[in-house]
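Engineer: When you get a sec, could you give me coordinates for this:
(one chain, ligands or ions: 2)
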Amino acid sequence: MEARGAVKYFSTRGDAPTLDFSDVLLQGLARDGGLYLPQEWPQLDAKTIASFAGRPYHEVAYEVIRPFVGNSIADPALRSMIRQAYDSFRHPAVTPLVQLGPNRFVMELFHGPTLAFKDVAMQLLGLLMDHVLAERGMRATIVGATSGDTGGAAIEAFRGRERTDIFILFPDGKVSSVQRRQMTTPSEPNVHALALTGNFDDCQAIVKGMFNHFAFRDRVALSGVNSINWARILAQIVYYFVSAAALGAPHRPVSFTVPTGNFGDIFAGYAARKMGLPVDRLVIATNRNDILARCLETGRYETQGVTATMSPSMDIQVSSNFERLLSEATGHDGQTVRRMMQQLGQSGSFAIPEPALAEIRSLFDAGRSDEEATAARIKSTLADAGYLLDPHTAIGVEVAGIFETPQVPMVVLGTAHPAKFPDAVEAACGVRPALPENLQPMMSAEERQQILPADQTAVESYIEEHARAVRSGV
Ligand SMILES: Cc1ncc(COP(=O)(O)O)c(C=O)c1O
Ligand SMILES: N[C@@H](CCOP(=O)(O)O)C(=O)O
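Structural biologist: Ligands and ions are numbered 1, 2, ... in the order given. Presented below is the predicted three-dimensional model:
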């Protein structure tokens, strides 16, 4: 293995041990409740970025990911896992660009096995975790909260794996039937789909609560697959480089509009920028659950009730990765981040102090699309460009329209295939998108799920009873 410096990771709340990549991968959430960030951003120079144009996706992925992994995983193993992860995609370019207008592009991130952008990171995460667990002779209990897509992608990546059991918490009745069936039809005994009587924020709060319950966390060897896990963000940085290089970076800047919920995908764009990619604007696109758009306008992060929309994966109020941005914008001031997160927990809101707010506003724009505008955008894009959008991507295209300029290409992240939301798409434009043939049997397969109250103790008891990694007496 080539010798190179070990990248270290610190917690946004400044009160947890500094770790290397493999430990961050297995930990998920830091023990002080914070999220891990790299101590420095590896830099890619202009020549390297230019060389990405036209290269196979897995080669670019290796170049982008490798500096963050340090000595944690041997280079040949890393290279081979990256190659394997992206071999599972149906499109040879993995994340192809489709042009919708003179300067408007959709980057299709949904050619993986579950038709959502989550596959891009999750296919690699499954392999990386298995590799590190095998090296350590360990098992892990994987937990995840989902508003629809993370769950299916995680289950697909971990189903049947010997070293892990996976428990996915989703809001009962609040995901599309395709999304639900992706979680409830796999028959492997290590897969557990838990339908909770609550919303996504309840599911995510329970996942975080389990990480903060150390006796439980250690007893079941808890690991997380949400984007609180740094490895998820890391894998998502790659496609920003791939698409920007295809459009002329580093010689010209590129802007991105990102349909946003948990702020993971767009934070990966921020990371790409920190690594040297000339990103002009990063645009946050939200649905009616517009806490991030309101926050940029007012400087206050303020939760309101969650409204169900036709883009259920973005029906989120507590946006985990915003904490990573707050850490960056406050100069990694763990105490300030801790205080803001405490206020959020206690009163449901906090104010972003200056100059952090100005810093955030200098990098990001934000806009929202309501149900009517999203449906109209699906219809007009089909009519004008002959392209069928899913409701999440449609929000991106709608909001991108506010910020596009003739000088800079705008890439909208196409986060899901329209066939995951056939009812909403059909209602908007009259066309019912068909699932790819290999996924059709799932629609009549037997479902297996456990309905539980949105209560941490109930979920922990279920996991203790069913996880093979439970270590008695620890
Ligand atoms: C289809 C789709 N679009 C957008 C998002 C928002 O992504 P993020 O949570 O990374 O902001 C999600 C879920 O996270 C999703 O499933
Ligand atoms: N929209 C997500 C919510 C969880 O996001 P994650 O990126 O933190 O896993 C989903 O579809 O589950």
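Engineer: Now do the phi/psi pair for Gln99.
Structural biologist: Backbone torsions for Gln99, taken as degrees, to the nearest 10, come to phi -90, psi 130.
Engineer: and what of Asn212?
Structural biologist: Main-chain torsions, Asn212, degrees, to the nearest 10: phi -90, psi 0.
Engineer: who's in contact with the residue lying closest to it once chain neighbours are set aside?
Structural biologist: Residue nearest to Asn212 in three dimensions, not counting chain neighbours: Gly33, with 5.7 Å by C-beta to C-beta, 6 or more residues apart in numbering. Placement of C-beta: from N, CA and C, glycine included. Applying C-beta atoms under 8 Å, 6 or more residues apart in numbering, we find Gly33 in contact with 13, 208, 211-212, 341.
Engineer: And Thr303, by the same measure?
Structural biologist: Counting by C-beta under 8 Å, 6+ apart, the residues that Thr303 touches are 201, 291, 317-318, 344, 348-349.
Engineer: want to throw those residues into CSV with neighbour count?
Structural biologist: As requested, the contacts of Thr303 are exported to CSV (neighbours: other C-beta atoms under 10 Å):
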residue, neighbour count
Asp201, 21
Ile291, 23
Gln317, 22
Val318, 21
Leu344, 18
Gly348, 13
Ser349, 15
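Engineer: Going by distance to Ala467, which of those residues wins?
Structural biologist: Asp201 (24.2 Å; C-beta to C-beta).
Engineer: Against Pro42, how distant is Ile291?
Structural biologist: 31 Å (C-beta to C-beta, to the nearest Å).
Engineer: which one of the contacts of Gly33 sits closest to Pro433?
Structural biologist: The nearest one, if we look at the contacts of Gly33 relative to Pro433 and count by C-beta to C-beta, is Lys208, at 34.5 Å.
Engineer: State the distance from that closest one to ligand 2.
Structural biologist: Counting by C-beta to the nearest ligand atom, to the nearest Å, the gap from Lys208 to ligand 2 is 11 Å.
Engineer: what sits against the closest residue to that residue other than its chain neighbours?
Structural biologist: Leaving aside its sequence neighbours, Lys208 sits nearest to Leu29 (C-beta to C-beta, 6+ apart; 6.3 Å). With contact taken as C-beta under 8 Å, 6+ apart, Leu29 is in contact with 35, 208, 211-212, 224, 228.
Engineer: just checking, Ile166 is part of a strand?
Structural biologist: Yes. Under DSSP: H, G, I helix; E, B strand; the rest coil, Ile166 sits within a strand.
Engineer: From the contacts of Thr303, which land in helices?
Structural biologist: 201, 291, 344 (DSSP state H).
Engineer: quick one: contacts for the second one?
Structural biologist: Taking C-beta under 8 Å, 6+ apart as the contact definition, Ile291 lies against 301-304, 317, 319.
Engineer: swap the cut-off to 7 Å and go again
Structural biologist: Ile291 makes contact with 301-303, 317, 319, according to C-beta atoms under 7 Å, 6 or more residues apart in numbering.
Engineer: what's the lowest-pLDDT member of those residues?
Structural biologist: Among the contacts of Ile291, Gln317 has the lowest pLDDT, at 92.
Engineer: if you skip the residues just before and after it, what's nearest to that one?
Structural biologist: Counting by C-beta to C-beta, 6+ apart, Gln317 lies nearest to Thr303, which is 4.5 Å off, once chain neighbours are set aside.
Engineer: same check, this time on Glu302
Structural biologist: The spatial neighbour of Glu302 that comes closest, neighbours along the chain excluded (C-beta to C-beta, 6+ apart), is Ser349 at 4.0 Å.
Engineer: Ser88 reaches Leu124, doesn't it?
Structural biologist: No. At 10.0 Å, Ser88 and Leu124 do not qualify as touching, with contact defined as C-beta atoms under 7 Å.
Engineer: Confirm that Val120 lies within a strand, as I assumed.
Structural biologist: No. Secondary structure of Val120 (three-state DSSP): helix, not part of a strand.
Engineer: residues from the stretch 1-150 of the chain in reach of ligand 1?
Structural biologist: Contacts of the stretch 1-150 of the chain with ligand 1, taken as C-beta under 6 Å from any ligand atom, map to 116, 148-149.
Engineer: ok so, going back, name the helix or strand for the residue nearest to Lys208, please.
Structural biologist: Here Leu29, judged by DSSP states H and E, is contained in no helix and no strand.
Engineer: ok, it to Gly209 distance?
Structural biologist: Leu29 is 10 Å from Gly209, by C-beta to C-beta.
Engineer: same question, Gln407
Structural biologist: Per C-beta to C-beta, Gln407 is found 47 Å from Gly209.
Engineer: more neighbours, those two?
Structural biologist: More crowded of Gln407 and Gly209, by other C-beta atoms under 10 Å: Gly209, with 16 against 10.
Engineer: Tell me, what's the model's pLDDT at the more buried one?
Structural biologist: 97.
Engineer: Okay, helices next: where are they in the stretch 201-350 of the chain?
Structural biologist: 214-219, 230-246, 264-274, 291-298, 322-329, 334-347 (DSSP state H, counting those that start in this stretch).
Engineer: any idea how far Ala245 is from the residue nearest to Gln317?
Structural biologist: Here Thr303 is placed at a distance of 38 Å from Ala245 (C-beta to C-beta).
Engineer: Pull out the buried residues from stretch 432-441.
Structural biologist: By 16 or more other C-beta atoms under 10 Å, the buried positions in stretch 432-441 come out as 433, 435, 439.
Engineer: now for that stretch, what's the gap between its first and last residues?
Structural biologist: In stretch 432-441, first residue to last residue: 18 Å (C-alpha to C-alpha, to the nearest Å).
Engineer: residues in contact with it?
Structural biologist: 178, 388, 418-419, 422, 425-426.
Engineer: what is the mean pLDDT for it?
Structural biologist: 95.
Engineer: repeat for stretch 467-474
Structural biologist: Mean pLDDT, stretch 467-474: 64.
Engineer: swap in stretch 306-313?
Structural biologist: Stretch 306-313 carries an average pLDDT of 96.
Engineer: Now that stretch: buried residues?
Structural biologist: Quick answer for stretch 306-313 (16+ other C-beta under 10 Å): 306, 309-313.
Engineer: again with stretch 185-201
Structural biologist: Residues of stretch 185-201 classed as buried by neighbour count (16+ other C-beta under 10 Å): 185-186, 190-196, 198-201.
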